[in-house]
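Trainee: what follows is a predicted structure for the sequence shown.
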Amino acid sequence: MPNAELLMPGGLQELTAALRRATPSSRLLAGGTDLIRSMHRDHWEPDLLIDLSGVRELGYVRLEDGTLRVGALTTFAQLQADPLVRRHACCLGEAAAQVGSAQIRNVATVGGNVANASPCADSVTALVALGAEVRTIDGGGRGATRSLEQIFVGPGRTSLAHDEAITEVSFAALDADHRATFAKIGSRSTVTVARLSMALVVKLDAGEGTVSGAKVALGAVGEAAFRDARLEELLEGRPADEESARLFAEGCMDAVRRAIPGRYSLPYKQHAVLGLAYDAWNALGLCDRCEPAWG
Ligand SMILES: Cc1cc2nc3c(=O)[nH]c(=O)nc-3n(C[C@H](O)[C@H](O)[C@H](O)COP(=O)(O)OP(=O)(O)OC[C@H]3O[C@@H](n4cnc5c(N)ncnc54)[C@H](O)[C@@H]3O)c2cc1C
């Protein structure tokens, strides 16, 4: 990239100053696993590259007053190993563990995964189920917070301004009554981009043996990961049993049908989601292993 100017801010204040110089052709560089590949593949270069690697204060996981805060530069390797993530957002840890290869996870960041706005982004499916918010800072030093859904405009497109950087994603930490999981299907068993992904969060009433407050996000179905209210209502107050697993799996098929009517991938995805739904349900360990009645 012989013509791109490179700025390497050493902290948040310098990042703000660098953002002030950004134009619509400028780019932030985090792990580079999407950006550098796209520059090579599409033979383009930004006018200004802002390398975030020196903004070390953006790599963290913190629990504050029941909110889990994840700095934008936190890598998937860090997320996958983090004890707070394992305890309070296990679906995010599981999603992180399934991103690419160990080499990719060592450098790829959660901020880059969100900003890249791929419908297949694994952490995004988990973050949508967790109801995450995104915090940003701009070239004027102004902070803003919006929901993930407000960030995504379309595949590969976000509402982020050219002088705006993601600094954090945050969400309500799950407590011990919650169970959460992430599952995905790709064309290979490892190092694979999701053809379909799902994050499932439920609250378990152990005394009653029922679930409530289900949050289900589907990824790689349509333009961005989404939650489906009809599907979530199906599970409200249901016993944690095999019949609920069946209803949930059928509800997932219905959600996929409603999300991508007429799409060439619909026949594949509506069947694939049935298996994925059972995988997710079984991973929650709510009842004895359930199997779909194929056919
Ligand atoms: C071999 C391979 C396998 C992969 N497998 C997976 C996979 O299984 N699942 C998956 O989800 N992804 C996968 N990816 C995609 C990629 O690794 C992720 O999307 C990653 O999270 C991108 O993060 P990054 O830090 O590398 O971002 P970068 O490549 O540095 O940046 C990506 C985009 O986000 C912008 N950006 C970065 N940080 C910020 C910020 N803080 N604020 C605003 N904008 C920002 C950049 O300007 C750029 O437009 C794979 C990539 C490769 C090369």
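Mentor: The structure has been received and is ready for your questions. Quick caveat: nothing in here was measured; it's all calculated off a predicted structure. Numbers count the residues shown, from 1 in each chain.

Trainee: what residues does the protein put near the ligand?
Mentor: Proximity of the chain to the ligand, by Cβ under 6 Å from any ligand atom, involves residues 27-35, 37, 72, 99-100, 104, 108-109, 111-113, 115-116, 121-122, 160, 165-166, 191, 193. Bear in mind the C-beta positions are built from the backbone N, C-alpha and C, glycine included.

Trainee: how near is Cys91 to Gln13?
Mentor: According to Cβ to Cβ, to the nearest Å, Cys91 and Gln13 sit 34 Å apart.

Trainee: no, scratch that, I was asking about Met198
Mentor: 40 Å.

Trainee: who has more neighbours, Cys91 and Gln13?
Mentor: In terms of neighbours (other Cβ atoms under 10 Å), Cys91 is the more surrounded of Cys91 and Gln13; the figures are 29 against 11.

Trainee: the chain - how does it break down into domains?
Mentor: By the assignment in automatic domain parsing, the chain contains the domains 5-54, 58-172, 178-283.

Trainee: any chance of those domains in TSV, with mean pLDDT too?
Mentor: Output for those, formatted as TSV (pLDDT from 0 to 100):
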stretch	mean pLDDT
domain 5-54	96
domain 58-172	97
domain 178-283	93
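
Trainee: isn't Ser53 up against Met8?
Mentor: Yes: at 7.2 Å, Ser53 counts as touching Met8 under the criterion of Cβ atoms under 8 Å.

Trainee: quick one: the strands in the stretch 1-150 of the chain?
Mentor: 5-7, 27-29, 48-51, 61-64, 67-71, 133-138, 143-147 (DSSP state E, counting those that start in this stretch).

Trainee: okay, these in TSV with mean neighbour count and distance to Ala272 next?
Mentor: Output for these, formatted as TSV (neighbours: other Cβ atoms under 10 Å; distance: least, Cβ to Cβ, whole Å):
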stretch	mean neighbour count	distance to Ala272
strand 5-7	14	43
strand 27-29	21	34
strand 48-51	20	38
strand 61-64	14	32
strand 67-71	21	29
strand 133-138	20	29
strand 143-147	12	28
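
Trainee: and these: which comes nearest Ala172?
Mentor: Across those, Ala172 has its closest neighbour in strand 67-71 (6.2 Å, Cβ to Cβ).

Trainee: which non-adjacent residue is nearest Ser187?
Mentor: Spatial nearest neighbour of Ser187, chain neighbours left out: Arg195 (6.4 Å); criterion: Cβ to Cβ, 6 or more residues apart in numbering.

Trainee: can you pull the buried residues of the helix or strand where the one you found lies?
Mentor: If you go by DSSP states H and E, Arg195 is part of strand 194-205. For strand 194-205, burial by neighbour count (16 or more other Cβ atoms under 10 Å) applies to Ala194, Arg195, Leu196, Ser197, Met198, Ala199, Leu200, Val201, Val202, Leu204.

Trainee: show me what it is packed against.
Mentor: Here strand 194-205 touches helix 90-97, helix 122-129, strand 178-186, strand 210-219, helix 266-283, going by 3 or more Cβ pairs under 8 Å, 6 or more residues apart in numbering; DSSP states H and E.

Trainee: in TSV, list those along with distance to Leu148.
Mentor: Conversion of these to TSV gives the following (distance: least, Cβ to Cβ, whole Å):
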stretch	distance to Leu148
helix 90-97	12
helix 122-129	6
strand 178-186	15
strand 210-219	10
helix 266-283	20
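
Trainee: and these, which is most packed in?
Mentor: With neighbours taken as mean count of other Cβ atoms under 10 Å, the helices and strands packed on strand 194-205 reach their highest mean count in helix 122-129, at a mean of 29.

Trainee: so it versus strand 133-138, what angle?
Mentor: 120 degrees (axes from the mean of the first three to the mean of the last three Cα atoms, to 10 degrees).

Trainee: now Ala224: how far from the ligand?
Mentor: 13 Å (Cβ to the nearest ligand atom, to the nearest Å).

Trainee: checking my notes, that residue in a strand, right?
Mentor: No: counting by DSSP: H, G, I helix; E, B strand; the rest coil, Ala224 is not part of a strand but coil.

Trainee: smallest gap between this protein and the ligand, at which residue?
Mentor: Gly112 (2.2 Å; Cβ to the nearest ligand atom).

Trainee: quick check: that residue touching Ile36?
Mentor: No: counting by Cβ under 8 Å, Gly112 does not reach Ile36; the two are 10.9 Å apart.

Trainee: higher neighbour count, the two?
Mentor: For Gly112 and Ile36, the more surrounded residue by other Cβ under 10 Å is Gly112, and the numbers stand at 25 against 13.

Trainee: having no further points to raise, I will conclude here.
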